[in-house]
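Q: Everything below, folded, please.
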Amino acid sequence: MNTKELLLSVLMGGPATGYDIKKTMENEVSTLLDVSLSNLYPALNELAAEGLVTYRKVEQDSRPNKKVYELTEAGRNTCLNGLMSGDARHRLRSEFIFILSFAPFLPRWRVKELLDHRLADTNETLRDLDRREAEETLQKGQKFCIGFGRAMMEAQRDYILKHGAELLSSCPEDVPMAMASHG
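A: Below you'll find the predicted structure:
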């Protein structure tokens, strides 16, 4: 999905300020997709110019005015068309997995460090999913995605716990720096 389609999909949840949209993109969408927020406001302005969103200015005391964006019917249809026609590919692109494919050449301490860090990240993600799951306003699709994400994270954690020691035993205790510096 491109940035405009992502913005439209966020607005499917209802009207939101640019700040609210940015927070949703940072806290929710970015956990699922690589997103770039550098052109968020220009993209919202383009969507408004194209008639896909409207906005109203809200005056605030002692603060700059804010805009509240809302999907138009055309914006809703564009978003749904994008969701209906997208490939919905599921990719596994991971620097962690790539580096671990070289584990027999890495010192054991480095591989353990990578595994420990991945476990810590996985546990943090699971805690975040617990927090999100406790929200009462979740739609069925959101609940499904949280459960799907949980299943992937738990499988990752369980695999590392079950097979990590075997991987570590295949690693040399240390790697001479002369060998490591040949690249």
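Q: which residues of the protein fall in helices?
A: Along the chain, counting by DSSP state H, helices occupy 3-11, 18-27, 40-49, 73-85, 95-100, 108-133, 140-169, 177-181.
Q: how about CSV for the ones you listed, with mean neighbour count added?
A: C-betas here are computed from N, CA, C, even on glycine. CSV is the format used below for the helices of the chain (neighbours: other C-beta atoms under 10 Å):
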stretch, mean neighbour count
helix 3-11, 22
helix 18-27, 16
helix 40-49, 16
helix 73-85, 14
helix 95-100, 12
helix 108-133, 15
helix 140-169, 13
helix 177-181, 9
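Q: Of all those helices, which one is nearest residue 61?
A: Closest approach to residue 61 among these (C-beta to C-beta): helix 18-27, 16.9 Å.
Q: So which residues make contact with that closest one?
A: 6-7, 10-11, 13, 16, 35, 37, 40-41, 44, 66-67, 69 (C-beta atoms under 8 Å, 6 or more residues apart in numbering).
Q: Report the helix or strand with the lowest average pLDDT across this structure.
A: helix 177-181 (a mean of 54; mean pLDDT, DSSP states H and E).
Q: Just the mean pLDDT for stretch 133-142, thanks.
A: In this model, stretch 133-142 has an average pLDDT of 82.
Q: Output it as PDB, restricted to C-alpha atoms.
A: The C-alpha trace of stretch 133-142 is given here as PDB (Å, rounded to 0.1, in the frame of the first residue of the first chain):
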ATOM      1  CA  GLU A 133      -6.100  -6.800  23.100                       C
ATOM      2  CA  ALA A 134      -7.500  -5.200  26.300                       C
ATOM      3  CA  GLU A 135      -8.900  -2.300  24.400                       C
ATOM      4  CA  GLU A 136     -12.700  -2.500  24.300                       C
ATOM      5  CA  THR A 137     -13.200  -0.800  21.000                       C
ATOM      6  CA  LEU A 138     -11.500  -3.400  18.800                       C
ATOM      7  CA  GLN A 139     -13.300  -4.700  15.700                       C
ATOM      8  CA  LYS A 140     -13.300  -8.300  14.800                       C
ATOM      9  CA  GLY A 141     -10.600  -7.800  12.100                       C
ATOM     10  CA  GLN A 142      -8.400  -6.100  14.600                       C
END
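Q: who touches that stretch?
A: Identification of contacts with stretch 133-142 by C-beta under 8 Å, 6+ apart yields 132, 143, 146, 150.
Q: Thought residue 129 was touching the third one, still the case?
A: Yes - when contacts are counted by C-beta atoms under 8 Å, residue 146 is listed as touching residue 129 (5.4 Å).
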